[in-house]
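[1] A predicted structure for the sequence below; I have some questions about it.
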Amino acid sequence: AQSVTQPDIHITVSEGASLELRCNYSYGATPYLFWYVQSPGQGLQLLLKYFSGDTLVQGIKGFEAEFKRSQSSFNLRKPSVHWSDAAEYFCAVGARAGGYNKLIFGAGTRLAVHP
Amino acid sequence: EAQVTQNPRYLITVTGKKLTVTCSQNMNHEYMSWYRQDPGLGLRQIYYSMNVEVTDKGDVPEGYKVSRKEKRNFPLILESPSPNQTSLYFCASSKPATDTQYFGPGTRLTVL
């Protein structure tokens, strides 16, 4: 069965520090992978996605993620975190069920940023 | 502006009182779905729709109904809400050719 694991429930970093959020997936076929961000009281915004091709994908707000098939991982990175990056981050894998595009989400990682 | 809208954004109700949460998209997307978000569980799919008059159950459909009479609208119906349906609900839509889903702002439901 498809699943997504985000091992870190909470992460705290200092402003200006680098960030890496981990995501591991279980999926039988070539996955479609996503990172979404949810700011407090807001909906989900797509940060970036991987469908095929270059395994290092660039997203909005200075984020990037690297798809590593051998490790079944799709970790999110940012070289220098800003206070406005404090939010909850969700990794998701796109699965196909009866022709429908379904997203399977991880439990999320809540990021706190210290000044 | 391309968007998915949900109403209401906040709702407090009592057990057993029927309610409907509306969802509308203006992107001419065929696929729409409903998710609920609970702490520590991420988002779980409730129902989805591949097109008008075509709906099917997701992972947690018990206690919910949906309809898709028009392409742009996909309301979520709770016929007899219970406290375990207290959650944050999101509607999403997408084109069939991609898996990128666009989310509404969410509806926070409390059932007393």
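    Nice, thanks for sending it over.

[2] Please save the CA atoms from stretch B:38-46 in CSV.
    This file holds the C-alpha atoms of stretch B:38-46, laid out as CSV (Å, rounded to 0.1, in the frame of the first residue of the first chain):
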residue,chain,number,x,y,z
ASP,B,38,-6.6,15.8,11.9
PRO,B,39,-3.5,16.3,14.1
GLY,B,40,-0.9,13.7,13.5
LEU,B,41,-2.8,12.1,10.7
GLY,B,42,-2.2,14.5,7.8
LEU,B,43,-4.9,14.8,5.3
ARG,B,44,-7.2,11.9,4.5
GLN,B,45,-9.4,11.6,1.5
ILE,B,46,-13.2,11.4,2.2
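
[3] Could I get the average pLDDT for it?
    Taken as a whole, stretch B:38-46 has a mean pLDDT of 91.

[4] which residues touch the longest strand that chain B contains?
    Among the elements of chain B assigned as strand by DSSP state E, the one spanning the most residues is strand B:42-51. Under the contact criterion CB atoms under 8 Å, 6 or more residues apart in numbering or on different chains, strand B:42-51 has outside partners A:4, A:44, A:90, A:92, A:98-100, A:102-103, A:105-108, B:30-38, B:55-61, B:64-66, B:68, B:71, B:74, B:76, B:89-90, B:96. To be clear about C-beta, it is placed using only N, CA and C from the backbone, and glycine gets the same treatment.

[5] Starting from it, tell me the next helix or strand along the chain.
    Elements were assigned by DSSP states H and E; along the chain past strand B:42-51, the next helix or strand is strand B:54-57.

[6] helices and strands around that next one, which ones?
    The elements that strand B:54-57 packs onto, with contact taken as 3 or more CB pairs under 8 Å, 6 or more residues apart in numbering or on different chains; DSSP states H and E, are strand B:42-51.
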